[in-house]
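> Build the 3D model from these lines:
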Amino acid sequence: MSAERIFIGIGSNLADPAAQVSEAIGRLDRIESTDLVAASGLYETAPWGIADQPVFVNAVAELRSSLAPAALLNALLTVERDTGRERTVRWGPRVIDLDILAWGSRQIDEPGLTIPHPRLADRDFVLVPWNELAPDFAVPGVGDIATLCAATLREDRPQPRPIETVEACTETRATEND
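Take a look at the predicted model:
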């Protein structure tokens, strides 16, 4: 098993989103040659990209895996398909969405796979739950999670609301503004 920390973003806004995210977390631990290390709490978040859709439930999981990045991506896509994910509208409603956010210190840019995730620094729905797991994790070429999390929260957008946890980067932001 690789010692590299792998982070997966998880989201759903259809068919009982909290249950979908919880089930996806369990499925991550059943991927061949992969172990679930930890998972954040669940957060209710405003839609991103297309505003006129149901709210999302998001979480982040930390894995260890001996799979190659492309093989893990294929396993995640299989979980999505098995759960009923249909890719019809970009940033639209979905039963489940699984994204590789970061893989240790690796930077990968190949067809169909970019690590770190190219838009993670703009997404509070990823950074808030990630901050719960690993605020000091340094995303290669981007920065540490706590700093990114504090920077992404905006007054003009509803902040992610914890469903099953009280820890969030809002505390980090409040401390930095004092």
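
> Burial check on residue 79, number of neighbours?
Counted with other C-beta atoms under 10 Å, the neighbours of residue 79 add up to 19. All C-beta spots, glycine's among them, are computed from the backbone N, C-alpha and C.

> how about the closest residue to it other than its chain neighbours, phi and psi?
Of all residues not flanking residue 79 in the chain, residue 27 sits nearest, at 4.9 Å (C-beta to C-beta, 6 or more residues apart in numbering). Residue 27 adopts backbone torsions of phi -70, psi -30, taken as degrees, to the nearest 10.

> Contact partners for residue 27?
Residue 27 is in contact with 79, 82, 83, counting by C-beta atoms under 8 Å, 6 or more residues apart in numbering.

> in stretch 114-133, what counts as buried?
115-117, 120-121, 123-133 (16 or more other C-beta atoms under 10 Å).

> Remind me which helix or strand the nearest residue to residue 37 once chain neighbours are set aside belongs to.
Spatial nearest neighbour of residue 37, chain neighbours left out: residue 62 (4.3 Å); criterion: C-beta to C-beta, 6+ apart. If you go by DSSP states H and E, residue 62 is part of strand 56-65.

> With only the CA atoms kept, save the next helix-or-strand element following that strand in CSV.
Where DSSP H and E defines the elements, the next helix or strand beyond strand 56-65 is helix 69-83. Below are the C-alpha coordinates for helix 69-83, written out as CSV (Å, rounded to 0.1, in the frame of the first residue of the first chain):
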residue,chain,number,x,y,z
PRO,A,69,-3.9,6.9,-10.4
ALA,A,70,-5.6,5.9,-13.7
ALA,A,71,-6.7,2.6,-12.2
LEU,A,72,-8.1,4.3,-9.1
LEU,A,73,-9.9,6.8,-11.4
ASN,A,74,-11.5,3.9,-13.3
ALA,A,75,-12.6,2.3,-10.0
LEU,A,76,-14.2,5.6,-9.0
LEU,A,77,-16.0,5.8,-12.3
THR,A,78,-17.3,2.2,-11.8
VAL,A,79,-18.6,3.2,-8.3
GLU,A,80,-20.4,6.2,-10.0
ARG,A,81,-21.9,4.0,-12.7
ASP,A,82,-23.0,1.3,-10.2
THR,A,83,-24.7,3.9,-8.2
